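[1] build me a model from this:
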Amino acid sequence: MLVRNGILGHVVLNVASLKKSENFYRTFLGLKVSARNRQTKMTFLSYGREHHDVALMELPKGAKHVGGRGMPKLHHFCIYVDSNDVIDKLYAVLKRRKISIVSRPETLVVAGNRSISFLDPDGNRVEIACNANKFKFDNRK
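    Prediction:
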């Protein structure tokens, strides 16, 4: 098991209307906008400790949520690890086991984390990202 010490990082949701969803999460959940990526039609929302706790990604026009077909409501979830080495080692294992890789190890522009994304058996996207700072302030055993 390569990821032994992980922390859930964030959730990204596919949404029909970025404006409506952003308003909902700001108004009802108290999240604040930390960044926007107009090119990919995303809004990043935070409670202040992380770059983003929730991100919203607008679905392409005409795309619909269809049970098992079409665009899923959940875009991906992220687990933080404390070292880039974990990501690089995981990449080799995923390739060897023929797991569907969505994005190879890369440093993400928005958050600056090294990351890899792949699909679970049901097609859900999983991201593993290095966020060493998260582990410096978390004293749980």
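
[2] mind jotting down where the strands sit in the chain?
    7-15, 32-37, 42-46, 54-58, 65-66, 69-70, 74-81, 101-107, 114-119, 125-130 (DSSP state E).

[3] tell me, how many residues neighbour the residue lying closest to C78 once chain neighbours are set aside?
    Leaving aside its chain neighbours, C78 sits nearest to G9 (3.6 Å; criterion: CB to CB, 6 or more residues apart in numbering). (Glycine included, C-beta is placed from N, CA and C.) By other CB atoms under 10 Å, the residues close to G9 number 22.

[4] check which residues of stretch 100-117 are buried.
    105, 111, 113-117 (16 or more other CB atoms under 10 Å).

[5] what about it, how long is it end to end?
    9 Å (CA to CA, to the nearest Å).

[6] residues in contact with it: which ones?
    With contact meaning CB atoms under 8 Å, 6 or more residues apart in numbering, stretch 100-117 is reached by 35, 37, 44, 51-52, 76, 78, 80, 84, 87-88, 90-91, 94-95, 118-119, 125-131.

[7] ok, now stretch 14-27?
    Contacts for stretch 14-27 (CB under 8 Å, 6+ apart): 13, 31-33, 41-43, 45, 54, 56-59, 65, 71-75.

[8] residue contacts, L29?
    With CB under 8 Å, 6+ apart, L29 has these contacts: V54.

[9] try it again with 10 Å
    Residues in contact with L29, defined by CB atoms under 10 Å, 6 or more residues apart in numbering, are 45, 47, 53-54.

[10] now which of those would you call buried?
    45, 53-54.

[11] what's the weakest-modelled helix or strand in this structure?
    Within the chain, no helix or strand scores below strand 69-70, which has a mean of 58 by mean pLDDT, DSSP states H and E.

[12] minimum pLDDT in the buried residues of stretch 100-117, which residue is that?
    Within those, pLDDT reaches its minimum at A111, with 72.
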